[in-house]
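[1] need a structure here:
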Amino acid sequence: MKLLYGMAVFFAAIFIVACGGANKIEDRETEQEVELLCKPEQIEDIDFRILNTDTRVVLEQNSVSWKMLDLGKDEESLARNVSTAFLNKLNVPLSNVPEWFTEMREEAVKKAVESGEPVDYGFLNEALDRFLQDPKYSQYRDPEQKFKLFQATNEGFIRAMGDPFAVYITPSMVESVTSYTGTYYGIGSSIRTNENNEWELSPIGEGNPAELAGIKRYDVLLEVDGKSVAGCLVWQIVENIKGKKGSKVKLTIERDGKEIEFIVPRGEVKIEQVHSWPHVEWDDGRGSSGKELSYSFPLKTRDGKEVPEIAYIKLDSFELQPAKDFYHVLANMPWENVTGLIIDLRNNPGGLVSSGISTTGYFLEPNAVIFNERNAEGDRSVHRNPPEAAYDKETGLYFIPNLVPRELSIVLLVNQHSYSAAELFSGALQDHGRAVLVGERTGGKGTVNMHFLLKKGEYGALYIAIRLWETPNGRFIEPLYETEKGGLLPNVVVEQPVRGFSADNDENIFRALEILTEGK
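    Now for the predicted structure:
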């Protein structure tokens, strides 16, 4: 599936959720040396020619910004910047670069200019061999250090190419570059670091496996399936705890200085990412959409007056399951009792293109333009609402024009952490005059991304933008140049508090209620 995701969020999933029972094992009696769960990235032999054969080719053939920004024309400047990244990682002072290295680079540039071909970065292979003859650089014979050198140089190459959307992915991260759907198999717990830089588990909700097993809040996670989590990143732990439905994971935790092991079976759970008032009951037995709401309802104006006629929906992402839940809420909302709707998209990182199209279309006329898309060749394609209601069996999504009453007044709450599909949704409703945006300028993430393997993943991958999208009125959301701000400017800009929001003293909510009740 196509992704519309903010990168920071894409690699920072923190939930590990599931359903089913759990069995507790006896406390561990003896200490033993354990294998690391997350081993350092390593590479035995670097071949910097991959910058030409893979990295550059991927960008030239697939990057949406390549032709739009006229990239890759100055071979001399590119070679100089790549060389700087290479030297910086080796800790070679730029004020004292060996003369032989400068000659190597200049010769490579000269050949490229004369042949009309890109610089052959194989000269960095020869340069590294020469540096390694000096004991001062002997640590770069180590496979782990070799990989760090390649990573730094490859990232330097990407930066020098000038593509603002390209991101390098390490080999161990490649398997994680998949489409998130909002459904996971795990243990029903969140994970975060504490003040001692330890990984803590916190069971989510009631009756989940982590809670049934006896795992408690603030339990420190030591091992997953007998392997130490020391040195792991959060996404690495998440990927190892998640697994096939019905399989089991063994966790070793520390509580009050004592180590305890648990075996927990994994199962499917749908993360609650849609919350609403009035509440609607989920049709799969999960309860209602009124769980975990941050405000008291009915909502109150700044002078304390209740406004029961104003509905509220908080949409946390545009993954597949939240999109289905959003439809369920809209289809079961008592619209006869509602005069206005607030949709809260603050801190929404985006999700799937199909989810964005489906959810946006509920508020627009048949055949209405939802967004425009530009590919790497600069060609534009127009994405419209279907002419009539439709259902997609593959995704389970409904596409229904005018699902929401046309006379309903709508306010969308956005902030700088509203990204991608959240901006697709907001931009379309704003351009069609269907909703008023309140808050602060959105994050500016308007690309469709894909990952491309480097040497079948041996050298990692590139995660790049293959298409840019525009709002129906032709506004680019992603800033192409550093001088552009990007994002969507709200109709009503609200200064955001420095220290976060008070649940019942939120200026964004107050302004939204004024717009919906007083026409301001």
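
[2] can you give me the end-to-end distance of stretch 430-447?
    19 Å (C-alpha to C-alpha, to the nearest Å).

[3] Now find how far off-centre it is within its chain.
    The chain centre lies 19 Å from the centre of stretch 430-447; the measure is C-alpha atoms, centre = their mean, to the nearest Å.

[4] Go through that stretch and flag the buried ones.
    When burial is assessed from 16 or more other C-beta atoms under 10 Å, stretch 430-447 yields the following buried residues: 430-432, 434-447. The C-beta positions use only the backbone N, C-alpha and C, and glycine is treated the same way.

[5] sec struct for the spatially closest residue to residue 279 that is not a sequence neighbour, please.
    The shortest distance from residue 279 to any non-neighbouring residue, by C-beta to C-beta, 6 or more residues apart in numbering, is to residue 290 (3.4 Å). At residue 290 the chain is in coil, as set by DSSP: H, G, I helix; E, B strand; the rest coil.

[6] for the nearest residue to residue 97 once chain neighbours are set aside, what are its contacts?
    Spatial nearest neighbour of residue 97, chain neighbours left out: residue 87 (6.3 Å); criterion: C-beta to C-beta, 6+ apart. Neighbour list for residue 87: 94, 97, 101 [criterion: C-beta atoms under 8 Å, 6 or more residues apart in numbering].

[7] ok, then the element right after the longest strand belonging to the chain?
    When the chain is parsed with DSSP state E, its longest strand is strand 461-470. With elements assigned by DSSP states H and E, the helix or strand that comes after strand 461-470 is strand 492-493.

[8] To what extent is residue 505 buried, counted in neighbours?
    A total of 11 residues lie near residue 505 under the criterion other C-beta atoms under 10 Å.

[9] so what's it bridging to?
    The partner list for residue 505 in beta bridges (DSSP bridges) reads residue 502.

[10] Let the chain start at 52 from now.
    I'll keep to 52 as the first residue from here, and by that count the last item is residue 556.

[11] remind me which residues of the stretch 452-571 of the chain are low pLDDT?
    Along the stretch 452-571 of the chain, segments meeting pLDDT under 70 span 549-552, 570-571.

[12] A helix includes residue 106, no?
    Yes: assignment of residue 106 by three-state DSSP places it within a helix.

[13] pLDDT at it, what is it?
    Looking at residue 106, its pLDDT is 95.

[14] Residue 504 is in contact with that one, correct?
    No: taking contacts as C-beta atoms under 8 Å, residue 106 lies outside contact range of residue 504: 11.2 Å.

[15] Neighbour count: the two, which is higher?
    residue 106 (25 against 17).

[16] Buried residues in the strand or helix carrying the residue nearest to residue 148, which are they?
    Per DSSP H and E, residue 138 falls inside helix 126-140. The neighbour-count criterion (16+ other C-beta under 10 Å) identifies 126, 129, 130, 132, 133, 134, 135, 136, 137, 138, 140 as the buried residues of helix 126-140.

[17] quick check: angle from the helix or strand following that helix to helix 126-140?
    Downstream of helix 126-140, the first helix or strand assigned by DSSP H and E is helix 150-166. In terms of direction (axes from the mean of the first three to the mean of the last three C-alpha atoms, to 10 degrees), helix 150-166 departs from helix 126-140 by 150 degrees.

[18] looking just at contacts, which helices and strands does helix 150-166 meet?
    helix 126-140, helix 174-182 (3 or more C-beta pairs under 8 Å, 6 or more residues apart in numbering; DSSP states H and E).

[19] Narrow the contacts of residue 138 to just the buried residues.
    Looks like those have residue 152 buried, using 16+ other C-beta under 10 Å.

[20] now, among the contacts of residue 138, which is nearest to residue 241?
    residue 145 (44.2 Å; C-beta to C-beta).

[21] And the pLDDT for that closest one?
    93.

[22] That one against residue 135, yeah?
    Yes: with contact defined as C-beta under 8 Å, residue 145 reaches residue 135; the gap is 6.7 Å.

[23] Please flag which of the buried residues of stretch 481-498 sit within strands.
    Secondary structure from DSSP E places 487, 488, 489, 490, 498 of the buried residues of stretch 481-498 in strands.

[24] Reformat these as TSV; add distance to residue 99.
    Supplementary listing: these in TSV, determined by distance: C-beta to C-beta, whole Å:
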residue	distance to residue 99
487	53
488	47
489	50
490	46
498	28
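
[25] and which of those is nearest residue 402?
    After measuring these against residue 402 - C-beta to C-beta - the closest member comes out as residue 498, at 13.5 Å.

[26] ok, and what's touching the helix of greatest length in the chain?
    Secondary structure of the chain per DSSP state H: the longest helix is helix 194-212. Residues from elsewhere that reach helix 194-212, judged by C-beta under 8 Å, 6+ apart: 91-97, 99, 101-102, 106-107, 110, 122-123, 128-129, 132-133, 135-137, 139-141, 172, 175, 179, 190-191, 217-219, 221, 510-511, 513.

[27] which element follows that helix toward the C-terminus?
    strand 218-220.

[28] how many neighbours does residue 333 have?
    18.

[29] just checking, it touches residue 376?
    Yes: with contact defined as C-beta under 8 Å, residue 333 reaches residue 376; the gap is 7.3 Å.

[30] what's the overlap in contacts for those two?
    residue 340.

[31] what's the closest of the buried residues of helix 126-140 to residue 450?
    Nearest to residue 450 among these is residue 129, at 44.9 Å by C-beta to C-beta.

[32] Give me the nearest residue to the closest one, chain neighbours excluded.
    residue 211 (5.0 Å).
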